[in-house]
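K.L.:
This is the structure alone, sequence omitted:
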């Protein structure tokens, strides 16, 4: 690993772009005792961010992730980008998922920040090589894509662009690990990174099954959440099938079941998500939710995630 000892310790983090992801990052950084300043030009950004951080705090406490003396009241909010970036040791960017917008934003930040300050983007699928193209100090720009909500889900996907330095990637991974995250290193850029591509592949087939009326939206969701999804919380697909092979592991599984699996692959769908199909999916998920609104569902998700994470921490 690259020697990062010559770089200043990360004490102050600037979060550019609030929203759900930015606020969740803010809660995590604050819980670890870091100085945090959030910048977002939206008129309601500050109260929404503070409310989301406050809502996340009890869960972080329950998981034992709040450092001594850490408090959500330490959050600073600064709408002006230049002012917010002053003194920052690390930047976590969460702006709208538009290449043109981020490219311009990166160039602006690059002109303000000292060259050693890392700028990590939460982009869920854009290519860093394009985003950093107009930056003079392009080597410090990197993808640091979390999964929602970042204060709970450990995964962070880290991938650099053509001009990102190896030192930046190493420092970024080290920083996330210090926060209790589980960073993974991508060896090459692909649209959507890894986890979103896997999600997209599963969702495509789920939509196909709904379009073909194989089952209701609720039952298709249950086929994941009440089945393989429980195993995937512990092991990924390769290790899951390694266990499926018994004592012979993945080699035995492939010898005996790869043929049938290949026939399933050949039959997977590529649905045309028409407006009518979109309405069917929306009606189906609304029926699945029943009387629960989005806030209720988020509360249920976070409570169950917390319980699961407490088990896994053992």
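P.N.:
All right, it came through fine. Keep in mind the model is a prediction, meaning the values are calculated, not measured.
K.L.:
hey, where'd the strands end up in the chain?
P.N.:
12-16, 35-39, 76-77, 90-93, 118-121, 141-146, 155-160, 182-185 (DSSP state E).
K.L.:
I'd like those strands laid out as CSV, including mean pLDDT.
P.N.:
As requested, the strands of the chain are exported to CSV (pLDDT from 0 to 100):
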stretch, mean pLDDT
strand 12-16, 98
strand 35-39, 98
strand 76-77, 96
strand 90-93, 98
strand 118-121, 98
strand 141-146, 98
strand 155-160, 98
strand 182-185, 98
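K.L.:
Reformat those as a markdown table; add mean neighbour count.
P.N.:
No exception for glycine: its C-beta is placed from N, CA and C like everyone else's. Shown next, in a markdown table, are those (neighbours: other CB atoms under 10 Å):
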| stretch | mean neighbour count |
| --- | --- |
| strand 12-16 | 25 |
| strand 35-39 | 23 |
| strand 76-77 | 16 |
| strand 90-93 | 24 |
| strand 118-121 | 26 |
| strand 141-146 | 26 |
| strand 155-160 | 22 |
| strand 182-185 | 15 |
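K.L.:
can you list the ones you listed in JSON lines and add distance to residue 203?
P.N.:
Converted to JSON lines, those look like this (distance: least, CB to CB, whole Å):
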{"stretch": "strand 12-16", "distance to residue 203": "29"}
{"stretch": "strand 35-39", "distance to residue 203": "31"}
{"stretch": "strand 76-77", "distance to residue 203": "35"}
{"stretch": "strand 90-93", "distance to residue 203": "26"}
{"stretch": "strand 118-121", "distance to residue 203": "23"}
{"stretch": "strand 141-146", "distance to residue 203": "18"}
{"stretch": "strand 155-160", "distance to residue 203": "18"}
{"stretch": "strand 182-185", "distance to residue 203": "21"}
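K.L.:
Thought residue 211 was touching residue 220, still the case?
P.N.:
No. Checked against CB atoms under 8 Å, the pair residue 220 and residue 211 is beyond contact range at 10.7 Å.
K.L.:
for the chain, which spans come out with low pLDDT?
P.N.:
1-6 (pLDDT under 70).
K.L.:
change it to 90
P.N.:
Where the chain drops to pLDDT under 90, the residues are 1-8, 312-314.
K.L.:
for it, what spans make up the helices?
P.N.:
Taking DSSP state H to define them, one finds helices in the chain at 19-31, 45-62, 81-85, 99-112, 128-131, 166-178, 195-211, 217-225, 228-232, 237-244, 249-267, 275-289, 294-313.
K.L.:
for residue 19, what are its contacts?
P.N.:
For residue 19, the contact set (CB atoms under 8 Å, 6 or more residues apart in numbering) comprises 40, 94.
K.L.:
make it 7 Å
P.N.:
Contacts for residue 19 (CB atoms under 7 Å, 6 or more residues apart in numbering) come out as residue 94.
K.L.:
Repeat that for the one 3 residues further on.
P.N.:
Applying CB under 7 Å, 6+ apart to residue 22 gives the contacts 15, 38, 49, 94.
K.L.:
again, but for residue 197
P.N.:
Contacts of residue 197 were listed using CB under 7 Å, 6+ apart, and they are residue 190.
K.L.:
Then residue 73?
P.N.:
Residue 73 neighbours (CB under 7 Å, 6+ apart): none.
K.L.:
again, only using 10 Å
P.N.:
If a contact means CB atoms under 10 Å, 6 or more residues apart in numbering, then residue 73 has 30, 50, 53, 54 as its contacts.
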